[in-house]
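>>> Take a look and give me a structure for this.
(3 chains)
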Amino acid sequence: MPTIDPPHSTAPLATGRLLRRRHHRLVSPGQVGFGLINYALFGLFALLCAYPFYYLIINSLSANDLSALGQVRLWPQGLHWDNYAEIFQLRGLSLAAVVSVLRTVIGTAATVLASAFLGFMFTQEKMWHRKLWYRLMIFTMYFNAGLIPMFITMKNLHLTNSFWVYILPAIVQPFNIILVKTYIESMPASLQEAAEVDGASTLQIFFRVILPNTTPILATVAIFSAVGQWNSFQDTLIYITDQKLYSLQYILYTYINQASSLAEAAQQAGGNLASVASAATKQTATSVRMTVAVVVVAPIIFVYPIFQRFFVKGIMLGAVKG
Amino acid sequence: MVKAQRPSAAKRRESLRLFLYIVPFLALIFLFSYFPLYGWIYSFFDYKPALGLARSEFVGLQWFRLLVYSPAQLTQILQVLANTLGMSFIGIATSILPVAFALFLNEIKAKPFKNLIQTLTTLPNFISWVLVYMIAFSIFSSTGLVNSALSDWGFISTPIKFLDSDSYTWLKMAAWGVWKGVGWGAIMYLAAIASIDPTLYESARVDGAKRFQIMRHITLPHLIPTYLVLLMLSVANLLNNGMEQYYVFKNAFNLEHIQVLDLYVFTIGIGGGSLSMATVISMLKSIISVALLVAVNWLSRRLRGSSII
Amino acid sequence: MKLKNLAVLFTAGALAVSLAACSKNQPEGEGSSGSDGKYADPITIDVFDGLANFMGIKEGWFAKIVKDKFNMEMNIIAPNVAGQGDTLYNTRVAGGDLGDLVIMDKGQQLDELVEGGLLMDLSNDYADMTYANEFDAAVDKLNASYDGIYGLPTSVSHLKPTEPSEGEDPTFGPFLRWDYYAELGYPEIATLEDLLPILADMQAAHPTGDNGQPAYALSFFKDWDGNMMNNAKQPTCFYGYDELGFVLAKADGSDYQSIIDSDSEYVRTLKFFQKAQEMGLVDPESSTQNYDTLFTKYQNGQVLFSFWPWLGQSAYNTTEHLAQGKGFEIAPLEDMTVFSYGAEVYGGKQFIGIGSQAEDPERIADFIDWLYSPEGTNDSGSDTMSAPGPEGLTWEEGTDGPVLTDFGKKALLGSEAEVAAEWGGGIYEDGVSPLNVPVVLAIDENPETNYPYKYTFWPSYQAENTNPLLTDWQSQMGDVATTMDYLKAQDQLMVAPGASFVAPADSAEIETVRNQVKAQIVSYSWQMVFAPDQAGFDSLLTQMQSTVDGLGYQTVLEWDMANAKDQNAQRQAVAKEFG
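Presented below is the predicted three-dimensional model:
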């Protein structure tokens, strides 16, 4: 059972300094004041962050001609549900939701596992040309080959009109791998060493030591990847013409574009005067955009707290197990 | 490290064995990232997808020359570069904020409140810039929330031009960026905090350490490695500010100071649809980014004694 | 024999029922396979349509007509809906297959597609067509430089190129809130600048819109800015000019202006805007708002002037407002000669073609031919083009020309009309043709009724559709029926003969210079409009002129000027040949 060394370099220095000041008491009036200010500042900032989303909600529920003027700010005016009703009537929405959930779940699982594994492997200094591979991978973060070569590559790999175009290119994500690698490097080396002494293989170490001890950063990677998968529509746009594989985001994205191009076309072509009469409930590009934003972000808000749980279970749990 | 010794066969096998584990992933990297780079060749052609490369005209360095064809354009490009670098450096300076955010959020002990704050502050990240601008318009336009409130209370007689003036453009853009990104960016640091051994805190408290000392000497040092890596990655991104934010906020009055490289490139070339020009730009930017990355890494090795990547 | 026929009928019927059962919202029709039994096997074709505002397979009455006639479904691929410029087009052509049916721009795009082998030679199919051949001249012209027939023209008609293509209203015109103008006693307006005091009076009398928010005479938006500030170009069209790059060319070829010249019509408009701004007539949110916001302001009566009938009128002239005598109508400037686009003899901007990978080109060609037929024109000209829809459903032949049926009135003039199941079901508006391409112009005459396709031209429609606003306007204008009639009567219309001119694509160099220059012109133009005074305006103008000259304005101008002159030469030629 390995004991936990404090992370090298920082802790000894810290405790050294702390020792010198042990006569200070824990809770002082200054501490209470700090706590209050801290709560207040965070509360205020959270309001600033939450308000725009609230703004989108009340505006998507308000009469569309009022909201286009930007005059709906505190509560809905001219409450109506047409914007949402319209979205839930979109063809193929439920299938697209299934596709989106699938790509999010499978894609995230694949990315998290691959990031954990590669993050771990890139800490193995014994690996043949480790730094070279690591750097070659990082460089790809800055590469942009352009859409056409990407399209032709995918076509040659028979990935166009295939579900796997959502998953395969997303598996290796340098940014996430860097995060995991940095995290593992800050963990006590004794963890792995002890397992090695016990005769564990590389894979055993990965599954028994690394995975359980990196949950906070893997949760982070999962959030990044899940949000990325959930919000992605560009890949559908370019690689998919089969309607069975449309993602939710793509349908909503085309719905937005359709609303704006229809509005423009109708007006430029002379307009059907009568159809403009019901301005309050008629969808505008703006109302559509806001409603879609709410529909897309709402699931994220509900799922996010589940990931937050992993932020507090970290190395302690692993250490007890190890 | 035992450099002097000749690596034994066993060691060699071990090092190859470790390498084999990552080969499948290297294959993916090659397929999806390196192989498509053959498209960079379009920079030397007047590439028309309908005709294919074979029938497209070879133009040599024409596109590169067009980037700098006249003195008037040079002054424009200099301004654009100043904007780009200016805003990038402000962005790098503010990249410490997510660290501070995580550091101080960690001091909030009421769990439900902490989780609520954490969730709410990530919300702006999910709102597209187009919508952010709409909200900004609602609040800051001449009949917007702020101006109406100020004039109702008698502070101003003519509306303040928040959106259509060129004062503090860089800072305004940075403020929007911070607002949108700080909660989201803090997630990584919150994860790093979760990795800290709780016994460290306990022993520090037993030692009588004050809250700030614990933050300063235990929490913060754990965030630094991640911060440094991200810092380096963002230095390599100096030229890539993205364009969406600047595109939605730009107008005739702030154009001079809001035009960053990505927006400028969009305005002069890609809006018009020249694929080859777009390729030239993205190729140059890729190369510059990688060069910057290598340079920073080298610098770090010289200064800190260890490279970051 | 009879028994056998019955059996066939029965199985066909059963098949139809089972097919209908498979696909929801597909009620039992006259039979699901081709009406003449020509097409037994159903196909779904990919349609790459540069004009479509819909993506996917559409259901409803139009889809049912196509299904019944051709046993065909259309999967629409719409770059408009996909967004991101040419992304979709570029990747698809790079992959070698754009679509089975292609509706894209002629000129450079068509050239490219033909050269790249992405389109099929239709020579044989064309010979078999019945309706498209009527427009032989346009077809020949479109394919003159190719070895074969690769594209068929759109927006064709039998109209002369010297006749306006627009219908009752021109594209441009000084439209203002007629009810407010009436309150002032219909003051005469000698020229553009004379609008200022009138607009000032209107705004002073009505400082807020219907919603209590401030109203302004003028409100602008930047969304459509291109070679210049889009809004500032519009009043130049009141005087017969239209833009071609950085050139303002007069419809009759009598004048060409460089937009940045101090005495150009464009700068005149900017000055006009600046004066208005100094007088407090310009919405201060102009430079920061988008089109949606502006449109809503029009809907709420917060804007009093419109450069286009289709903005002010479509936003504000609702049935309700018209009944109250409120709305936008044209208030003529005495010296104006409004620019009008003549009917394009060689067709509009788009062509129709068949992709080289198409599986059943004969059937698609058959479908294309049908689009040129009277039936196809009625059915496929979508509601925004005011084509009436299928005969028997929305309209029928009356004693005095065609009349809208009750259903037609509800569907075309009201909203949300439920289509009967035998016609395909669904809401009428949702079922219109997704192609959104005018193949034959709706203002052309339908040879079967001898009236234009467009229902707003029918006597029956015009007799029924009147309102206090229109009556008041008509009585002031000398009892003319429409704006166009008035302009023609006053000789205030300048028709640019429709020569189907397509300017050659900019070279890479021209394009790069142009994009830089236009960004500066647009930016300076806005600043000039919001300049505090005449002096500020003048100094910005000088700055703009020297900045863009430094960026290479003259090079682009020369190129545009040459194109403008070509355009005029072609206009003169068609006017001579067909006019």
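>>> roughly how far apart are residue A:290 and residue B:183?
Distance of residue A:290 to residue B:183, computed by Cβ to Cβ, to the nearest Å: 21 Å. C-betas here are computed from N, CA, C, even on glycine.
>>> for the stretch 251-400 of chain C, what are the low-confidence residue spans?
Along the stretch 251-400 of chain C, segments meeting pLDDT under 70 span C:382-385.
>>> neighbours around the residue in chain C positioned nearest to chain A, how many?
Per Cβ to the nearest Cβ, residue C:314 is where chain C lies closest to chain A, at 3.1 Å. Using other Cβ atoms under 10 Å in any protein chain shown, the number of residues around residue C:314 comes to 25.
>>> show me the contacts for the residue lying closest to residue C:291 once chain neighbours are set aside.
Take residue C:291 and drop its neighbours on the chain: the residue closest to it by Cβ to Cβ, 6 or more residues apart in numbering or on different chains is residue C:223, 4.6 Å away. Residues in contact with residue C:223 (Cβ atoms under 8 Å, 6 or more residues apart in numbering or on different chains) are C:230, C:290-291.
>>> Just to be sure, which of those are found in helices?
Among the contacts of residue C:223, DSSP state H puts C:230, C:291 in helices.
>>> now the contacts of residue C:223 in CSV, with neighbour count and distance to residue A:238?
Putting the contacts of residue C:223 into CSV (neighbours: other Cβ atoms under 10 Å in any protein chain shown; distance: Cβ to Cβ, whole Å) gives the following:
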residue, neighbour count, distance to residue A:238
C:230, 18, 31
C:290, 19, 27
C:291, 20, 28
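>>> Please settle this for me: is the residue nearest to residue C:291 part of a strand?
No. Using DSSP: H, G, I helix; E, B strand; the rest coil, the secondary structure at residue C:223 is coil, not a strand.
>>> And the pLDDT for it?
Note for residue C:223: predicted pLDDT of 83.
>>> Could you do residue C:31 as well?
On the pLDDT scale, residue C:31 gets 40.
>>> so how far is residue A:297 from residue B:183?
13 Å.
>>> neighbour count winner among those two?
Each of residue B:183 and residue A:297 has its neighbours counted (other Cβ under 10 Å); residue B:183 has more, 25 against 21.
>>> wait, the more buried one sits on residue B:116?
No. Counting by Cβ atoms under 8 Å, residue B:183 does not reach residue B:116; the two are 11.8 Å apart.
>>> that older thread, got any residues that touch both of residue B:183 and residue A:297?
residue B:123.
>>> what about residue B:174, how many residues close to it?
Quick note: residue B:174 (other Cβ under 10 Å) scores 18 neighbours.
>>> if you go through the stretch 101-250 of chain A in chain order, where are the helices?
Secondary structure of the stretch 101-250 of chain A by DSSP state H, counting those that start in this stretch: the helices cover A:130-139, A:147-156, A:174-186, A:190-197, A:202-204, A:211-213, A:215-231, A:234-239, A:248-268.
>>> Any chance of the ones you listed in a markdown table with distance to chain B, mean pLDDT and mean neighbour count as columns?
Formatted as a markdown table, the helices of the stretch 101-250 of chain A follow (distance: least, Cβ to the nearest Cβ, whole Å; pLDDT from 0 to 100; neighbours: other Cβ atoms under 10 Å in any protein chain shown):
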| stretch | distance to chain B | mean pLDDT | mean neighbour count |
| --- | --- | --- | --- |
| helix A:130-139 | 5 | 94 | 18 |
| helix A:147-156 | 3 | 90 | 20 |
| helix A:174-186 | 5 | 92 | 22 |
| helix A:190-197 | 12 | 86 | 16 |
| helix A:202-204 | 7 | 91 | 14 |
| helix A:211-213 | 8 | 89 | 20 |
| helix A:215-231 | 4 | 92 | 23 |
| helix A:234-239 | 12 | 89 | 21 |
| helix A:248-268 | 9 | 76 | 21 |
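>>> need those helices in TSV with distance to residue C:72, can you?
Output for those, formatted as TSV (distance: least, Cβ to Cβ, whole Å):
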stretch	distance to residue C:72
helix A:130-139	49
helix A:147-156	26
helix A:174-186	47
helix A:190-197	64
helix A:202-204	56
helix A:211-213	55
helix A:215-231	36
helix A:234-239	25
helix A:248-268	23
